[in-house]
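Peer 1: Fold the following and give me the result.
(2 chains)
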Amino acid sequence: MIRALPWSGRIGLGLVVFWLAVALVGPWLAPHGVGDFVDMDVFSGLSARFPLGSDYLGRDVFSRLLYGARYTVLLGLGAALLASLMGTSLALFSAVNGGWIDEVVSRAMDTLTSIPSKVLALVLVAAFDSTLGLLLVICAITYAPGSFRIARALAMNLLQLDFVTAARARGEGKFYIALGEVLPNMVGPLLADLGLRCVFVVLLLSGLSFLGLGVQPPYADLGSLVRENISGLSDGAPAILAPALAIASLTVGANLLIDAIRTGGDR
Amino acid sequence: MSEIPHVEVAGLTITVGGHAIVSDVSFDVPRGQVLALIGESGSGKSTTALAMMGYCRYGARITGGTLRLGETQIEQLGDAALAALRGRRVAYIAQSAASAFNPARTIMDQVIEPALIHKLMTASQARAKAIDLFTALALPSPETIGARYPHQVSGGQLQRLMAAMALITDPELVILDEPTTALDVTTQIDVLKTFKTVLAKAQATAIYVSHDLAVVAQMADHIVVLHQGRVCEQGPAAALLADPGHAYTKSLLAAKHPAVPCEPIAAEDVPVLDVSGVYAGYGRMTAGSHAHPVLSDVSFSLARGGTLGIIGESGSGKSTLARVIAGLLPRSHGWVKLNGKELPLGLDGRTPEQFRSIQMVFQNADTALNPAHSVATILARPLAFYHGLRGARARARIEELLSLIRLPREMADQPVRSLSGGQKQRVNLARALAAEPQVLLCDEVTSALDTVVGAAIIDLIEDLRRQLGIATVFISHDIGAVQGFCEDVLVLYGGQGVELAGSASFSGPVHHPYTQILRASRPTMHAGWLESTKTPRPTGLVPKPDARDGLCRFLARCPVAIPDVCNRLPPRQNTIPGQKWLCHHDHDALAAHAIFPGD
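Peer 2: Residues are numbered from 1 along each chain as shown, chains lettered A, B, ... in the order given. Predicted coordinates for the structure are as follows:
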């Protein structure tokens, strides 16, 4: 399986596995607590005690990064996967059934698109308090309609093709047509869409954190780490560079892997 | 020949990524003559022809040889010089005129465009010249046809309009790339005639690319046979067709005459498939009929192991009939009986056994097979679905099926997209056979294939029919393919079954006028056939626009329509043993009226 991947795909796979590992065991590896003020100086440089320097309040950036990766990786990948899963299954369901079912599901998705995601998040967080699970659901709901649109358009085109007609003439049920005939031909574009959506979730999450709706202090996701240390930008502090590089390597890694799987499937 | 040939190609080699797709092709064409390039798809015939314009598809490159047109060495020209050459001295007529015209602009704008680009004349001069060309190409209302948009004219007319676009600059060399392949035989004959006249008048040299030997026999002075990018054989048309030297040419010629005798399998009382008085159409239903009716009152029956050929031109309802039998399109009236038991209208309510018994082989194997699946996955599905076969037993059956369709068993695990067109069509057939059907509906299964490959598929279907006793409905626009191996032939026109005949009667001389025109429109190998064949003139009787009351659909094109009868009364059903037809002419009248001399 790994052997079949081109070198870019292997790099992507390595990065994704690395970040998943960090997300899972990071907090246990952290030398300091997430909210501990351990440095007298702010925005200090790299040192043996603080491998990635300290942040604007004198906290250890390395430890905060290890804690923060959990939110970004799990929420980012998780919400993107959940959104794609919801969008794709609804799209297949409505495309294969057609008629009024398609109409109802499509309009419901349009309605969801028309609700501003930040306002929705505000209401939900106010009602249920900000938890990891709720953030996951908010992100998934926000991005499901986009995924639905793409998947439905793909499915509609595929349903017109002769091999689907052949399956219908064979007496196949809707379930098999959706999963056996249509879905395998949608995998490539859907994976590309997933990679893109992953990045959007990270952005949305950072936006929510900025409004105080996302991950609650002292915890912070990678996006918030960048934002809270923004004043260190002029000094070129590692406190802002490290989380930025972390986000970059995670998203680039995920997209490299997805592209490699996609082209591997196409040829 | 003492004269220097007008076009000379020597040692032409074209490569794609280091792999030669055309290698060492040489030929020459004297001024004003027509050279034909024939071969099957992938033989490099279009690539060679396009190289005459200094053009190669993306990724391909001319790596060797010379191309001379008059005094010009085409392979040495730069981009600017090539742009000046194309459309001016060398013109191109593509296979599909429908996709070569811009649907958003009027025909006249597009036809005069080459003349304006090359600044040969003013727009008004160009328009006058275009109208002259329209007249020469026998287009209806040449004065006004230019104001229409491409979707407002028929396919045959569009192909001729494309010729007008090519000829407006008086090019020295015209390249015709399968210009009639997409057309019906009855349209093809008109288009070929006008092409031949116009080319002769313009005194242009022409390169005619085709896979159809009979068409080439009419058009060409010289023939070059290409196979896998190499020249197999070349020579004057008549001599080459009469006495082919190369084995490949012989196989091409042999494929043109499929001679499979049909042997009926012992007939039973109850036909396996009985179609009676079927009406169907598309669009909204009002008062029991469709907004766009396609089929009206079509009937036939098919015995176990029997073969029925259905022929007709595009739009005649052939494919619709297959879809109605398969249940993909619900019929509005009439019945379809399988083994004497009526089938539900559409897919809903059919039993798995009924689904299994009727299998359809789709026309285009490229789209009929799921590109995401492997050959084994595709064949395994009907085995699991209808017969509950899984695992090792399914695998054994898949290998059996592959040997039945003569594909190596290693092919089972290949993805479908890596197969060739002919291999895909075999897998397509095998999938239908995997169900062990009683009726096989073959919808134009050979039309997307090359002659040789198509003939092999027909042989295969015939073998399987004899071995397995499957009744076959074979839909085709090619009367020759059907005549070769079908016991009965149903001729459709405008959704009506105008004639139903046994093979003995069908090869006889007496036919419905439309069948006669179809038969006579099929090119033969004899040079001069085109000139000797007269296009029948319709009598000019047309049905009243509101008369949807069952008048003969063929009336507007019928050369022997009877005034005051055919345009007032619905056609009569004539029945003699072995033949039925729908016409006011009876057997003797049709025999006397012979529209064409028997062929």
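Peer 1: Let me know how buried A:Thr251 is, in neighbour terms.
Peer 2: A:Thr251 sits with 19 neighbouring residues when counted by other C-beta atoms under 10 Å in any protein chain shown. Backbone N, C-alpha and C define where each C-beta goes, glycine included.
Peer 1: That one reaches A:Arg197, doesn't it?
Peer 2: No: between A:Thr251 and A:Arg197 there is no contact under C-beta atoms under 8 Å: 11.1 Å.
Peer 1: which neighbours do those two share?
Peer 2: Among the neighbours of A:Thr251, none is also in contact with A:Arg197 (C-beta atoms under 8 Å, 6 or more residues apart in numbering or on different chains).
Peer 1: element containing B:Gly235, please.
Peer 2: For B:Gly235, the host element (DSSP states H and E) is strand B:230-236.
Peer 1: Can you name the element that comes right after that strand?
Peer 2: For strand B:230-236, the following helix or strand on the C-terminal side (DSSP H and E) is helix B:237-242.
Peer 1: Are there helices or strands packed against that next one, and which ones?
Peer 2: helix B:213-219, strand B:222-227 (3 or more C-beta pairs under 8 Å, 6 or more residues apart in numbering or on different chains; DSSP states H and E).
Peer 1: ok, of the ones you listed, where does mean pLDDT dip lowest?
Peer 2: Lowest mean pLDDT of these: helix B:213-219, a mean of 85.
Peer 1: so what does it touch, helix or strand wise?
Peer 2: By 3+ C-beta pairs under 8 Å, 6+ apart, helix B:213-219 packs against strand B:34-38, helix B:185-202, strand B:205-210, helix B:237-242, helix B:247-256, helix B:529-532.
Peer 1: Apply 10 Å and report the result again.
Peer 2: strand B:34-38, helix B:185-202, strand B:205-210, strand B:222-227, helix B:237-242, helix B:247-256, helix B:529-532 (3 or more C-beta pairs under 10 Å, 6 or more residues apart in numbering or on different chains; DSSP states H and E).
Peer 1: For the strand holding B:Gly235, buried residues please.
Peer 2: Neighbour-count burial for strand B:230-236 flags B:Arg230, B:Val231, B:Cys232, B:Glu233, B:Gln234, B:Gly235 (criterion: 16 or more other C-beta atoms under 10 Å in any protein chain shown).
Peer 1: Any idea how many residues pack against residue 50?
Peer 2: Just so you know, I chose chain A. For A:Phe50, using other C-beta under 10 Å, the count is 24.
Peer 1: switch to chain B, that's the one I care about
Peer 2: 20.
Peer 1: helix or strand for it, which one?
Peer 2: Here B:Leu50 is assigned to helix B:45-51, by DSSP H and E.
Peer 1: So for that helix, what gets flagged as buried?
Peer 2: Applying 16+ other C-beta under 10 Å to helix B:45-51 flags B:Lys45, B:Ser46, B:Thr47, B:Thr48, B:Ala49, B:Leu50, B:Ala51 as buried.
Peer 1: related to what we said a few turns ago, and which of the buried residues of strand B:230-236 is nearest to B:Gly422?
Peer 2: B:Cys232 (19.2 Å; C-beta to C-beta).
Peer 1: got a list of what B:Thr575 touches?
Peer 2: B:Leu500, B:Trp581, B:His587 (C-beta atoms under 10 Å, 6 or more residues apart in numbering or on different chains).
Peer 1: Look up the closest residue to the residue of the stretch 101-250 of chain B found nearest chain A, ignoring the ones flanking it.
Peer 2: Taking C-beta to the nearest C-beta, chain A has its nearest neighbour within the stretch 101-250 of chain B at B:Ala182, 18.6 Å off. Ranked by C-beta to C-beta, 6 or more residues apart in numbering or on different chains and with sequence neighbours excluded, the top spatial neighbour of B:Ala182 is B:Ser96, at 5.7 Å.
Peer 1: that older thread, direction included, what does the strand holding B:Gly235 pair against?
Peer 2: Paired with strand B:230-236 in the same sheet, following DSSP bridges, are strand B:222-227 (antiparallel).
Peer 1: and the angle from the strand it pairs with to strand B:34-38?
Peer 2: 20 degrees (axes from the mean of the first three to the mean of the last three C-alpha atoms, to 10 degrees).
Peer 1: angle of strand B:222-227 against helix B:247-256?
Peer 2: Using the same axes, to 10 degrees: strand B:222-227 against helix B:247-256 is 100 degrees.
Peer 1: tell me the contacts of the nearest residue to B:Ile145 once chain neighbours are set aside?
Peer 2: Of all residues not flanking B:Ile145 in the chain, B:Leu139 sits nearest, at 5.5 Å (C-beta to C-beta, 6+ apart). Remark: with contacts taken as C-beta under 10 Å, 6+ apart, B:Leu139 is in contact with B:107, B:131, B:133, B:145-146, B:153, B:156-157, B:160-161, B:163-164, B:194.
Peer 1: Select, from those, the two members most distant in space.
Peer 2: B:Ile131 and B:Gly156 (19.0 Å).
Peer 1: would you list every one of the helices in the stretch 1-150 of chain A?
Peer 2: For the stretch 1-150 of chain A, the helices defined by DSSP state H, counting those that start in this stretch occupy A:7-29, A:61-70, A:76-97, A:99-114, A:117-128, A:132-159.
Peer 1: Would you tell me whether the third one gets close to chain B?
Peer 2: No: with C-beta under 10 Å from any C-beta of the partner chain as the criterion, chain B is not reached by helix A:76-97; the gap is at least 13.8 Å.
Peer 1: what pLDDT, on average, does the strand or helix carrying A:Gly195 get?
Peer 2: Using DSSP H and E, A:Gly195 sits in helix A:187-210. In this model, helix A:187-210 has an average pLDDT of 82.
Peer 1: Now the element after that helix, going C-ward?
Peer 2: Helix A:187-210 is succeeded, C-terminally, by helix A:222-228 (DSSP H and E).
Peer 1: Which strands and helices lie in contact with that next one?
Peer 2: Against helix A:222-228 (3+ C-beta pairs under 10 Å, 6+ apart) you get helix A:61-70, helix A:187-210, helix A:238-266.
Peer 1: still on that earlier bit, which of the helices of the stretch 1-150 of chain A is buried the deepest?
Peer 2: helix A:61-70 (a mean of 24; mean count of other C-beta atoms under 10 Å in any protein chain shown).
Peer 1: Helix A:7-29 and that one, what's the angle between them?
Peer 2: Going by the same axes, to 10 degrees, helix A:61-70 makes 110 degrees with helix A:7-29.
Peer 1: Retrieve the pLDDT associated with residue 260.
Peer 2: Since you didn't name a chain, this refers to chain A. pLDDT, A:Ala260: 82.
Peer 1: switch to chain B, that's the one I care about
Peer 2: 52.
Peer 1: What strand or helix carries B:Ala322?
Peer 2: helix B:318-326.
Peer 1: In TSV: the helices and strands packed on helix B:237-242, plus mean neighbour count.
Peer 2: Listed next are those as TSV, based on neighbours: other C-beta atoms under 10 Å in any protein chain shown:
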stretch	mean neighbour count
helix B:213-219	23
strand B:222-227	24
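Peer 1: possible to save those as JSON lines with distance to B:Arg31?
Peer 2: Formatted as JSON lines, the helices and strands packed on helix B:237-242 follow (distance: least, C-beta to C-beta, whole Å):
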{"stretch": "helix B:213-219", "distance to B:Arg31": "17"}
{"stretch": "strand B:222-227", "distance to B:Arg31": "13"}
